[in-house]
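>>> A predicted structure for the sequence below; I have some questions about it.
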Amino acid sequence: MGVRSTQLFKYECRQCSVTVVTGPSSRERPAARSHHGSFQQAGILGQPDVHAGLVRGKLCGFLLHRRVLQTDTRLGSSRGTRPRRRPQASEGGAPACLFHPDLSWGRSEGNTVSNLIMIIPPIAGAIQTFRDGLEVRYIFAFLGLAAVGVGSWCFHMTLLYEMQLLDELPMIYSCCVFVYCLYECFKQENSIHHLAIVILFMFSVIVTVVYLQWKEPVFHQVMYGALVGCLVLRAVFIVTWVYPWLRALAYTSLTVFLMGFLLWNIDNIFCDTLRDARQKLPPVVGAVTQLHAWWHILTGLGSYLHILFSLQTRTTYLKHRPKVKFICGMWPVVHVETDKAS
Ligand SMILES: CCCCCCCC/C=C\CCCCCCCC(=O)N[C@@H](CO)[C@H](O)/C=C/CCCCCCCCCCCCC
């Protein structure tokens, strides 16, 4: 194996103690950058056996996750490592939170499994929407949310840059679908607004291209936030001027989403402190204090409720007489009567 093919790069987050070892390709850069927006190369390492392990690990996310840990630990004292701002998590054995959710194996499960709320209910919603014969755009909306959940699941399992994109780009695409649904909700049934589709499609393409080139998480967050802002404005307009009785659903969706956003920020800002505190807590308590997992749960629920709100607005306008029902008295779904009201 030549020197070039065995070279490994070690990266560390500029703000917290996450360290990841990757192969030479920039595409293999760790998803660490999504967390705090930046990471730096902390060393160049060359150990053929470890590289082999890394490459093998890429075949399976779970394996990779472990391999990266093992690799990192083993290479902690390798040559070429620049001085670091903080002690390395991998060397201390307890890495950072959020997207690198405590690299210790068990603790990352919360961040992975919490994505189920973005996967199962939206798939059920898509099936129900199809059965009810409602417009395809709502099937896309549900499936878009499920795609984000799957992407986020893959990302948290592997921490690969590609998987990060699989998580973050669908956030933009699905949000564009939501925007289309909510801004086109007072149009004739099955009408298609080609210009709106072209604009949203172009927006998605531009965000994708810029993000793939620039790799700046803040850019993605601003674009995503702008889309959410459009949704909020439109929702407020609808419940203020058109259907005030949908206020509870719209504001519940918004509140739940914003609570998730708050936790996401707390997790980002107090990452180190929270991680240290978690280590002192019993494992069960530590698991339920994974704020990034709560962000998944709350944002997933908020987004799901938002689709219900959008669907209810649309079906009310189309006189389908929608009703929000609770499965097992807990989980909300929109039920639509097949016969239209006269
Ligand atoms: C009226 C209510 C509006 C609700 C709108 C809901 C729109 C939801 C659209 C798509 C679903 C996305 C679900 C989020 C999944 C998050 C997955 C995730 O955490 N991924 C990270 C890795 O695990 C990844 O690194 C992405 C992080 C990006 C976070 C972006 C945060 C910015 C949020 C901006 C919110 C602005 C709110 C403005 C309110 C006026």
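Received, thanks. Since the model is a prediction, treat every value here as computed from it, not as a measurement.

>>> pLDDT (mean, whole number) over stretch 225-237?
Confidence over stretch 225-237 (mean pLDDT, whole number) is 98.

>>> meant to ask about stretch 240-248
The pLDDT scores in stretch 240-248 average 97.

>>> what ranges do the strands span in the chain?
With strands called from DSSP state E, the chain shows them at 7-13, 19-22, 39-46, 322-327, 331-336.

>>> Tell me how many other residues surround the one residue in the stretch 101-250 of the chain that gets nearest to the ligand.
The ligand sits closest to Gly225 of the stretch 101-250 of the chain, with a gap of 3.6 Å, by CB to the nearest ligand atom. Quick note: C-beta positions are derived from backbone N, CA and C, even for glycine. Gly225 is flanked by 12 other residues according to other CB atoms under 10 Å.

>>> again, but for Leu227
Neighbour count of Leu227, defined by other CB under 10 Å: 22.

>>> Please tell me how far it sits from Gln213.
Going from Leu227 to Gln213 by CB to CB, to the nearest Å gives 20 Å.

>>> before we move on, back to that, looking at the strands of the chain, which has the lowest confidence?
When those are ranked by mean pLDDT, strand 39-46 comes last with a mean of 52.

>>> quick one on the thing from earlier: okay, the residue of the stretch 101-250 of the chain closest to the ligand and Tyr251: tell me how far apart.
Going from Gly225 to Tyr251 by CB to CB gives 19 Å.

>>> measure Val150 to Cys230 for me?
Distance from Val150 to Cys230, counting by CB to CB: 25 Å.

>>> actually Leu116, not the one I wrote
28 Å.

>>> What parts of the stretch 201-342 of the chain come near the ligand?
Residues of the stretch 201-342 of the chain found near the ligand (CB under 6 Å from any ligand atom) are 221, 224-225, 228-229, 231-232, 235, 253-254, 257, 261, 264, 295-296, 299, 302-303, 306.

>>> filter these to the buried ones?
228, 231-232, 235, 253-254, 257, 261, 264, 295-296, 299, 302-303, 306 (16 or more other CB atoms under 10 Å).

>>> Which two of those have the greatest separation?
The span of those, defined through CB to CB, is set by Ala235 and His296 at 21.7 Å.

>>> Could you see whether the ligand lies near stretch 160-175?
Yes - with CB under 6 Å from any ligand atom as the criterion, the ligand is reached by stretch 160-175 at Asp167, Glu168, Met171, Ser174, Cys175.

>>> Closest to Asn268 out of the residues you listed?
Among the residues of stretch 160-175 next to the ligand, and counting by CB to CB, the member closest to Asn268 is Glu168, at 15.2 Å.

>>> Go ahead and confirm the closest one touches His220.
Yes - here Glu168 reaches His220: they are 5.4 Å apart, a contact under CB atoms under 8 Å.

>>> Low-confidence ranges, this structure, go.
Scanning the chain for pLDDT under 70 picks out the ranges 1-108, 338-342.

>>> If anything else comes up later, I'll come back, but that's it for now.
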